[in-house]
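# show me the folded form of this:
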Amino acid sequence: MIELEDVHFSHQKKPILERVNLRIGKGECIGIMGANGSGKTTFARLLNGLLLPQKGVVRVNGKPTSDSESLLAIRRSVGIIFQNPDAQAIGETVEEDIVFGLENIGVPKPGIDRRIDRYLEMLGITGLKDRNIGILSGGQKQLVNLAAVMAMEPECIVLDEPISMLDSCSRKRVIETISGLNRAGTSIILITHDPGDLVGCSGVFTIAEGRISQTDPETIVACEDTGFSKATTQSEPQSGGIEVDVSHVYEPGTMWAVTALADVSLTIEKGSVTGIVGGIGSGKSTLASLVAGLDTSTAGSISIDGKPPEPGKNVAILVQQPEDFFFERTVQKEMLFGLKMMGVSDGEMQARMHSAMSQAGLDRAILERSPFHLSIGEQRLVALASILAMDPEYIVLDEPTASLDPKSRKNVLEIIREIVGRTTVIYISHRIRDVLDISDRIAVLKHGNLVFAGTKSQYLKWASEGKREERC
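As a prediction, the model looks like this:
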């Protein structure tokens, strides 16, 4: 169905893909892996003509993507779901978002209604049909994107890390849905950093240094499941901390009104790592935004060392989509912006920037590149490095390892271990293993309610007694 023949692609004279040759047959399911910045997203965009090879040819059903007359048919045949859900959202409501694509390909009205209901039900999000997309969680938006592309029923679906913000139950459901579509004849190309997602793939390929090669999935799994050798050091109690006592409603008094948090009371000890977990739409990112001072609760208050949150001063946040906040032309200017606002001297700015980049595992060569031309994983690391350089007392990390390769993910956890004590960390993640590995205390949100808060040992007891969220 798809054929890549001697494909080359470079960006700003930097080779991204070189001499790539690959055939993907109709009805196949293949997995694509590779480190952050290796060229996975470039590869995905080449498959339906969003990018054209600078040398070589990409053919879909025998038609080259360079053939403008065939491009509409090619894009109808190959649907792509990207990492950032906001980049593909079009409609105001979930239903409108899915309708847009179906109308564009000429699906009759009765067929549109059937497809919407079918794919929303498949992904377990029927209840979101009339919701405003703008106030959905990142994970909910990812599921809506999946439904929108699946509903168009292309011959091939390319998934570029589209489930990085999903909890384990939602992730499992998506993988089962994808497998079902594949068994029914849809070709699947799944780009992921998680080897567990690739169980149903007939072949797994790795992109490295511009080349693509077939990989043994069992070897990947073995390398991924190495664990961590260091334990989190319990810090000494310090005076101060964060006191949370809030409720929050989005769009109060309107038809879009949604209760995101209901009477959440939580104490976060200074110098600790507090893990926040819960399913998609449970209120985690809302809580993060309130603690970081990016939004104001509709009821209650939050205090940090007895003062309201002051973004960039007493608290910093790494949001789920940090790339949305970039605005400078180079990574260096992006990283120095916050330090300039703090009044840091030129010499110290350079020292802090280089130290933070080293911590985040970033090469200095990236400094002159545009942050908008980086992979999402690289963008996430740049955003983290920018925060580390500012050395805040309190940091909120909302899914900081989403879209990161295993090496970078482990490095982020090591960074947290290094700064704990002098920095208070709120760590939000769907990876419960990581949360247990680095947290002093854990809080669990469910449908906007705080259903548990305590130590790791208390959490494990609570979970083992069956009081954890419903099993998948």
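# make it CA atoms for all contacts and neighbour counts henceforth
OK.
# dump the host helix or strand of residue 285 to PDB, restricted to CA.
Assigned by DSSP states H and E, residue 285 falls within helix 284-291. The C-alpha coordinates for helix 284-291 follow below in PDB (Å, rounded to 0.1, in the frame of the first residue of the first chain):
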ATOM      1  CA  LYS A 284      -5.100  16.900  37.500                       C
ATOM      2  CA  SER A 285      -4.200  19.600  35.000                       C
ATOM      3  CA  THR A 286      -6.800  21.900  36.500                       C
ATOM      4  CA  LEU A 287      -5.200  21.500  39.900                       C
ATOM      5  CA  ALA A 288      -1.700  22.100  38.400                       C
ATOM      6  CA  SER A 289      -2.900  25.300  36.700                       C
ATOM      7  CA  LEU A 290      -4.400  26.600  39.900                       C
ATOM      8  CA  VAL A 291      -1.300  25.800  42.000                       C
END
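# what's opposite residue 276 in the beta bridge?
Note on residue 276: beta-bridge partners by DSSP bridges are residue 428, residue 443.
# follow-up on the earlier one: and the helix holding residue 285, what does it pack onto?
With contacts defined as 3 or more C-alpha pairs under 8 Å, 6 or more residues apart in numbering; DSSP states H and E, helix 284-291 has these neighbours: strand 258-269, strand 394-398.
# if we go to 10 Å?
Here helix 284-291 touches strand 241-250, strand 258-269, strand 273-277, strand 299-304, strand 316-318, strand 394-398, strand 424-428, strand 441-446, going by 3 or more C-alpha pairs under 10 Å, 6 or more residues apart in numbering; DSSP states H and E.
# got the CA positions of the fourth one in PDB?
Pointing back at strand 299-304 there. Extracted as PDB, the C-alpha positions of strand 299-304 are listed here (Å, rounded to 0.1, in the frame of the first residue of the first chain):
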ATOM      1  CA  ALA A 299     -14.100  28.900  45.100                       C
ATOM      2  CA  GLY A 300     -11.500  28.500  47.900                       C
ATOM      3  CA  SER A 301      -7.800  29.500  47.800                       C
ATOM      4  CA  ILE A 302      -4.300  28.300  47.400                       C
ATOM      5  CA  SER A 303      -1.300  29.500  49.300                       C
ATOM      6  CA  ILE A 304       2.400  29.000  48.900                       C
END
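# please report how far the closest residue in space to residue 95 that isn't next to it in sequence lies from residue 171.
Distance criterion C-alpha to C-alpha, 6 or more residues apart in numbering; nearest residue to residue 95, sequence neighbours excluded, is residue 129 at 5.3 Å. Distance of residue 129 to residue 171, computed by C-alpha to C-alpha, to the nearest Å: 20 Å.
# what about this structure, any weak spots by pLDDT?
For the chain, applying pLDDT under 70 flags the ranges 216-237, 467-472.
# looking at it, which residue lies furthest from center?
In the chain, the residue that sits farthest from the middle, by C-alpha atoms, centre = their mean, is residue 69; the gap is 35.0 Å.
# contacting residues around that residue?
Contact analysis of residue 69 by C-alpha atoms under 10 Å, 6 or more residues apart in numbering lists residue 63.
# pretty sure it sits in a strand.
No: looking at residue 69 with DSSP: H, G, I helix; E, B strand; the rest coil, it is helix, so not inside a strand.
# pull up the gap between it and residue 213, please.
Residue 69 is 32 Å from residue 213, by C-alpha to C-alpha.
# now do residue 176
According to C-alpha to C-alpha, residue 176 stands 26 Å off from residue 213.
# could you do residue 65 as well?
Counting by C-alpha to C-alpha, the gap from residue 65 to residue 213 is 23 Å.
# now do residue 335
Going from residue 335 to residue 213 by C-alpha to C-alpha gives 35 Å.
# which of these two has more residues huddled nearby?
residue 335 (29 against 13; other C-alpha atoms under 10 Å).
# would you agree the more buried one is in contact with residue 385?
Yes: with contact taken as C-alpha atoms under 10 Å, residue 335 and residue 385 are classed as touching, separated by 7.5 Å.
# got any residues that touch both of those two?
Joint contacts of residue 335 and residue 385 (C-alpha under 10 Å, 6+ apart) are 352-354, 356-357.
# ok, and what's touching stretch 346-362?
Identification of contacts with stretch 346-362 by C-alpha under 10 Å, 6+ apart yields 332, 335-340, 343-344, 363-364, 366-367, 378, 380-391, 407-409, 411-412, 414-415, 418.
# mean neighbour count added to the helices and strands packed on helix 284-291, as a markdown table?
Listed next are those as a markdown table, based on neighbours: other C-alpha atoms under 10 Å:
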| stretch | mean neighbour count |
| --- | --- |
| strand 241-250 | 20 |
| strand 258-269 | 18 |
| strand 273-277 | 27 |
| strand 299-304 | 18 |
| strand 316-318 | 24 |
| strand 394-398 | 24 |
| strand 424-428 | 25 |
| strand 441-446 | 22 |
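# mind listing the helices for the stretch 51-200 of the chain?
Listed in chain order, the helices of the stretch 51-200 of the chain (DSSP state H, counting those that start in this stretch) span 71-77, 94-104, 109-122, 138-151, 168-183.
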